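Enquirer: Sequence first, predicted coordinates after that:
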Amino acid sequence: MACDRAFGHIEKYIRRVVNIYDLKGYVRAIQLCTTSRYHVIVLRNTDFLDVEVLQKSITHRKPKPPYSFQNARSFKLLSKFCEGYFICRDYTGQALGSVRLMKGQARYTRRMFDLSAVQLPQKYPKIRRLQPGKMQHRNSCLILSQMSTSRTFSSSSGSNRNWIILKKMTALRTRMRTT
């Protein structure tokens with residue numbers, strides 16, 4: 001399935017769902033947006049690698065016209081062309097042209113050009129914190145989440161908590177109107 005169509009299904013489903021408050025809600029929405037169910041992999045900070053180290057090992061050749069990154073739909077790495085990659089216009093894999101990444105004009109040998117030997121460091125070794133403004137917005141959304149999950153504001157058990165949430169909501173609405 002093409003990426004644009006997949007994102008279209010996801011966006012359409014999310015528009016129909018009234019409220020999504022957390023990452024689990026988005027994961028559920030992506031999984032349920034079609035009958036074929038997308039497989040969602042939640043990435044952590046340790047899953048991102050810094051590929052800038054590879055720039056020292058490769059040359060910066062551009063694809064020759066009419067082969068360009070704008071026209072490419074996929075890139076193919078094959079063992080028969082280890083010094084670079086192929087540009088493909090569609091997902092069937094029919095190559096339009098090739099881009100050589102190996103420096104120089106010498107014939108390819110694994111000893112001269114082996115990208116698998118390059119150690120990639122983590123891109124984000126620490127978990128990145130949200131900025132204070134985003135944290136404040138997140139907390140206000142959590143109040144909305146609590147508001148939507150609480151059933152009534154009647155004089156039942158836990159009504160004191162509900163009234164506190166109602167007061168916070170009123171204050172939040174007042175602040176939003178004034179800004």
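Expert: Alright, I've got the coordinates.
Enquirer: When you work out contacts or count neighbours from here on, use the C-alpha atoms and nothing else.
Expert: Noted.
Enquirer: got a list of what the residue nearest in space to the middle of the chain touches?
Expert: What sits nearest the mean C-alpha location of the chain, by C-alpha atoms, centre = their mean, is L43, with 8.5 Å. Under the criterion of C-alpha atoms under 8 Å, 6 or more residues apart in numbering, L43 has no neighbours.
Enquirer: Quickly list the domain ranges of this protein.
Expert: The record's domain parsing of the chain by automatic domain parsing lists 1-45, 49-117, 129-179.
Enquirer: out of those domains, which comes closest to K123?
Expert: Taking C-alpha to C-alpha as the criterion, domain 49-117 is the member of the domains of the chain that comes nearest to K123, at 4.5 Å.
Enquirer: And the strands in this structure, which stretches?
Expert: Under the criterion DSSP state E, the chain carries strands at the ranges 74-76, 84-88, 95-100.
Enquirer: which one of the ones you listed has the most crowded surroundings?
Expert: The highest mean neighbour count among those, using mean count of other C-alpha atoms under 10 Å, belongs to strand 84-88: a mean of 20.
Enquirer: And the contacts of that one?
Expert: In this structure, residues lying in contact with strand 84-88 by C-alpha under 8 Å, 6+ apart are 67-69, 72-78, 94-102.
Enquirer: again, only this time at 6 Å
Expert: Applying C-alpha atoms under 6 Å, 6 or more residues apart in numbering, the contact partners of strand 84-88 are 72-77, 94-101.
Enquirer: Need the CA coordinates for it. CSV is fine.
Expert: As requested, C-alpha coordinates have been extracted for strand 84-88 and formatted as CSV (Å, rounded to 0.1, in the frame of the first residue of the first chain):
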residue,chain,number,x,y,z
GLY,A,84,25.9,2.4,-4.0
TYR,A,85,22.2,2.1,-4.6
PHE,A,86,19.6,2.1,-7.3
ILE,A,87,16.8,4.7,-7.7
CYS,A,88,13.4,3.2,-8.6
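Enquirer: that older thread, take the strands of the chain and write them to a markdown table, including distance to R111 and mean pLDDT.
Expert: Listed next are the strands of the chain as a markdown table, based on distance: least, C-alpha to C-alpha, whole Å; pLDDT from 0 to 100:
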| stretch | distance to R111 | mean pLDDT |
| --- | --- | --- |
| strand 74-76 | 22 | 80 |
| strand 84-88 | 15 | 83 |
| strand 95-100 | 16 | 80 |
